[in-house]
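Undergrad: Sequence first, predicted model second:
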Amino acid sequence: MTSPPNPALTEAEQAAFLQSIARVRSAAGRALRAVQAHAMQGAAAHGTDTNAATQAAEATEPAAQAAVDFIAQLHKGLDTVAEQARATGPQPACQAGCAHCCHLRVEATDPEVLHIAQHLQTLPSADQATTLLRLQQHVAAASAGTTRQPCSFLVNDRCAIYSVRPAACRKAHSLSAAHCAEQSPTIPQNLRLLVDAEALMAGTALAYRDQPLPASAHELNAAVLAALDGTPLHAPSALLRWYRGDEGALALPTTLP
């Protein structure tokens, strides 16, 4: 998680990269703790007049939700980095409708997956059903060995979850559409953008883990399907299992629906 994104970095640049991660980790950790504490205080203020154990349980879900919502701060930071890179560096060849990278494996962290799943649950029921089917088909094809298939969220060569897309997608870019179309093993990219984005991503993930909250990288489609798959009656939701430190909260059951 703390490896420099490109061996072309000098020793001084590598040191600066690691320092950036440490700064992000510290700042994000403070902010993450603050939003959880605020959520718990708010829940306690509006809670029922019960014993301390019950009040703590009632405050858990708001705190968990605040921790998930915090991932939007990372996404805002990445968008700013990308905007600055476009303003000062070489222009990316990426355009709306260019979806070569949407056929590659994409990874997302636990809070990103939960953030996306919650967004999908706000959609009309018909759209939710269609998305669920796409996810199931994608995971089944991947299990059968199919590679380079379109992301479940790619609809008419557009990202259907663009506003909540994960950090990996926000960081992704190319300086040559031809290289992407040819599936070149090396894609020319803006190194400054990559370094800044990787520092934000690594530092934020470490801040979550310091809580401690799982923030591992998961294959996007399978993890979102797991988050939407529901739980047995009376079992805690994926959100609460994650907040309690369950590393397997976003793992699919051995038998797919």
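TA: Here it is on my side, so go on.

Undergrad: Surely Leu123 is in contact with Leu132?
TA: No - distance between Leu123 and Leu132: 10.5 Å, which falls outside the contact criterion (C-beta atoms under 8 Å). Placement of C-beta: from N, CA and C, glycine included.

Undergrad: For the two, indicate the residue with more neighbours.
TA: Each of Leu123 and Leu132 had its neighbours counted (other C-beta atoms under 10 Å), and the higher figure belongs to Leu132 (17 against 14).

Undergrad: Strands along the stretch 51-200 of the chain, start to end?
TA: Along the stretch 51-200 of the chain, the stretches classed as strands by DSSP state E, counting those that start in this stretch are 107-109, 154-155, 158-159.

Undergrad: Just say which of the ones you listed is most tucked in.
TA: Mean neighbour count (mean count of other C-beta atoms under 10 Å) peaks for strand 107-109 among the strands of the stretch 51-200 of the chain, with a mean of 22.

Undergrad: quick revisit: overlap in contacts, Leu123 and Leu132.
TA: In the contact map built from C-beta atoms under 8 Å, 6 or more residues apart in numbering, no residue is linked to both Leu123 and Leu132.

Undergrad: on that earlier part again, need the strands of the stretch 51-200 of the chain in TSV with distance to Ala27, can you?
TA: Formatted as TSV, the entries for these read as follows, by distance: least, C-beta to C-beta, whole Å:
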stretch	distance to Ala27
strand 107-109	18
strand 154-155	34
strand 158-159	29
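
Undergrad: Which of those strands sits closest to Ala167?
TA: With distances scored as C-beta to C-beta, the stretch of those nearest to Ala167 is strand 107-109 (7.4 Å).

Undergrad: Tell me how many other residues surround Leu104.
TA: 15.

Undergrad: what stretches of the stretch 101-250 of the chain score poorly on pLDDT?
TA: Within the stretch 101-250 of the chain, the stretches with pLDDT under 70 are 230-235.

Undergrad: would you list every one of the helices in it?
TA: 110-120, 125-143, 167-171, 177-181, 191-209, 220-228, 238-243 (DSSP state H, counting those that start in this stretch).

Undergrad: From the chain's centroid, how far away is the second one?
TA: The offset between the C-alpha centroid of helix 125-143 and the centroid of the whole chain comes to 19 Å, using C-alpha atoms, centre = their mean, to the nearest Å.
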